[in-house]
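Colleague: Pasting the sequence and the predicted model now:
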Amino acid sequence: QVQLVESGGGLVQAGGSLRLSCAASGRTFSTYTMGWFRQAPGKEREFVAAISGSGRRIAYADSVKGRFTISRDNAKNTVYLQMNNLKPEDTAVYYCGASPSYVSGGVEERWYHYWGQGTQVIVSS
(Lines give C-alpha, C1' and ligand atoms only; values in the text may rest on other atoms or scores of the structure.)
Protein backbone atom coordinates (compact mmCIF):
# COMPACT_ATOMS: atom_id res chain seq x y z
CA GLN A 1 0.00 0.00 0.00
CA VAL A 2 1.29 3.45 -0.95
CA GLN A 3 -0.16 6.70 0.29
CA LEU A 4 0.51 9.88 -1.66
CA VAL A 5 0.13 13.46 -0.47
CA GLU A 6 0.55 16.37 -2.87
CA SER A 7 1.42 19.91 -1.86
CA GLY A 8 2.65 23.15 -3.39
CA GLY A 9 -0.35 24.26 -5.39
CA GLY A 10 -1.67 27.77 -5.31
CA LEU A 11 -2.51 30.91 -7.25
CA VAL A 12 0.14 32.36 -9.53
CA GLN A 13 0.22 34.87 -12.35
CA ALA A 14 0.92 33.82 -15.91
CA GLY A 15 4.64 33.50 -16.44
CA GLY A 16 5.24 32.53 -12.84
CA SER A 17 6.48 29.31 -11.30
CA LEU A 18 5.36 26.73 -8.79
CA ARG A 19 6.91 23.54 -7.49
CA LEU A 20 4.60 20.69 -6.60
CA SER A 21 5.67 17.94 -4.26
CA CYS A 22 4.24 14.48 -3.73
CA ALA A 23 5.31 12.64 -0.60
CA ALA A 24 4.88 8.88 -0.54
CA SER A 25 4.65 6.44 2.31
CA GLY A 26 6.25 3.02 2.28
CA ARG A 27 9.71 1.57 1.86
CA THR A 28 9.42 0.62 -1.81
CA PHE A 29 9.11 4.11 -3.30
CA SER A 30 12.12 3.66 -5.56
CA THR A 31 10.45 0.74 -7.33
CA TYR A 32 7.48 2.84 -8.47
CA THR A 33 7.12 4.90 -11.57
CA MET A 34 5.66 8.23 -10.48
CA GLY A 35 3.45 10.35 -12.64
CA TRP A 36 1.76 13.72 -12.56
CA PHE A 37 -1.66 14.14 -14.12
CA ARG A 38 -4.02 17.09 -14.11
CA GLN A 39 -7.72 17.71 -14.48
CA ALA A 40 -9.16 21.03 -15.54
CA PRO A 41 -12.81 21.92 -14.89
CA GLY A 42 -15.06 20.10 -17.29
CA LYS A 43 -12.22 18.07 -18.77
CA GLU A 44 -10.86 14.59 -18.35
CA ARG A 45 -7.73 13.96 -16.38
CA GLU A 46 -4.65 14.14 -18.60
CA PHE A 47 -1.05 13.05 -18.41
CA VAL A 48 1.58 15.67 -17.56
CA ALA A 49 4.85 13.89 -16.76
CA ALA A 50 6.26 10.61 -15.51
CA ILE A 51 9.56 9.38 -14.11
CA SER A 52 10.75 5.81 -13.66
CA GLY A 53 11.84 4.46 -10.31
CA SER A 54 15.52 5.04 -11.04
CA GLY A 55 14.84 8.45 -12.56
CA ARG A 56 16.54 7.48 -15.78
CA ARG A 57 13.40 7.48 -17.89
CA ILE A 58 11.23 10.56 -18.11
CA ALA A 59 8.30 11.52 -20.29
CA TYR A 60 6.35 14.75 -20.73
CA ALA A 61 3.17 15.78 -22.40
CA ASP A 62 3.86 17.98 -25.41
CA SER A 63 1.94 20.82 -23.79
CA VAL A 64 4.44 21.11 -20.92
CA LYS A 65 7.75 20.19 -22.57
CA GLY A 66 10.39 22.82 -21.96
CA ARG A 67 8.38 24.40 -19.12
CA PHE A 68 7.87 21.61 -16.56
CA THR A 69 10.49 19.36 -14.99
CA ILE A 70 9.76 16.18 -13.09
CA SER A 71 12.29 14.84 -10.60
CA ARG A 72 12.42 12.54 -7.63
CA ASP A 73 14.39 12.06 -4.45
CA ASN A 74 14.15 8.42 -3.46
CA ALA A 75 15.86 9.08 -0.13
CA LYS A 76 12.97 11.41 0.75
CA ASN A 77 10.21 9.35 -0.92
CA THR A 78 9.21 12.45 -2.84
CA VAL A 79 8.55 13.35 -6.46
CA TYR A 80 8.51 16.95 -7.67
CA LEU A 81 7.07 18.89 -10.54
CA GLN A 82 8.77 22.19 -11.22
CA MET A 83 6.46 24.32 -13.31
CA ASN A 84 7.86 27.41 -15.01
CA ASN A 85 6.35 29.92 -17.40
CA LEU A 86 2.89 28.93 -16.29
CA LYS A 87 -0.06 29.67 -18.55
CA PRO A 88 -3.76 30.07 -17.74
CA GLU A 89 -4.40 26.77 -19.51
CA ASP A 90 -2.26 25.04 -16.87
CA THR A 91 -5.02 25.73 -14.35
CA ALA A 92 -6.15 22.37 -12.98
CA VAL A 93 -6.08 20.03 -10.05
CA TYR A 94 -2.77 18.20 -10.18
CA TYR A 95 -2.56 14.60 -9.03
CA CYS A 96 0.40 12.35 -8.49
CA GLY A 97 0.15 8.65 -9.08
CA ALA A 98 2.29 5.59 -8.45
CA SER A 99 2.66 2.73 -10.90
CA PRO A 100 4.55 -0.52 -10.25
CA SER A 101 6.07 -0.40 -13.72
CA TYR A 102 7.12 2.03 -16.43
CA VAL A 103 4.65 1.07 -19.11
CA SER A 104 3.98 3.10 -22.23
CA GLY A 105 6.09 5.94 -20.90
CA GLY A 106 3.87 6.25 -17.86
CA VAL A 107 1.23 8.14 -19.83
CA GLU A 108 -1.73 5.83 -19.22
CA GLU A 109 -3.79 6.21 -16.06
CA ARG A 110 -4.77 2.55 -16.00
CA TRP A 111 -1.27 1.50 -14.97
CA TYR A 112 -1.33 3.65 -11.82
CA HIS A 113 -2.44 1.85 -8.69
CA TYR A 114 -2.27 4.69 -6.18
CA TRP A 115 -3.30 8.35 -6.33
CA GLY A 116 -3.01 11.39 -4.14
CA GLN A 117 -5.88 13.70 -3.29
CA GLY A 118 -4.74 16.43 -5.66
CA THR A 119 -3.53 20.01 -5.30
CA GLN A 120 -5.12 22.98 -7.02
CA VAL A 121 -3.10 25.19 -9.37
CA ILE A 122 -4.67 28.42 -10.62
CA VAL A 123 -2.86 30.56 -13.15
CA SER A 124 -4.28 34.03 -13.65
CA SER A 125 -3.82 35.98 -16.86
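Modeller: Cool, the structure landed. Numbers count the residues shown, from 1 in each chain.
Colleague: Quick check: which element contains the residue nearest the centre of the chain?
Modeller: Nearest to the geometric centre of the chain sits Trp36, at 2.1 Å (C-alpha atoms, centre = their mean). Secondary structure from DSSP states H and E places Trp36 in strand 33-39.
Colleague: wait, doesn't Thr91 sit right on Ser125?
Modeller: No: Thr91 lies out of contact with Ser125 (C-beta atoms under 8 Å); the separation is 9.8 Å. Glycine gets a C-beta too; all of them are placed from N, C-alpha and C.
Colleague: These two: who's more crowded?
Modeller: Thr91 (18 against 9; other C-beta atoms under 10 Å).
Colleague: Residues touching the strand holding Trp36, excluding its own?
Modeller: Outside of strand 33-39, the residues within contact range by C-beta atoms under 8 Å, 6 or more residues apart in numbering are 20, 22, 24, 45-53, 70, 72, 79, 81, 90, 92-103, 106-107, 109, 111-112, 118, 121.
Colleague: still on that earlier bit, look up how far Ser125 lies from the residue nearest to the centre of the chain.
Modeller: 23 Å (C-beta to C-beta, to the nearest Å).
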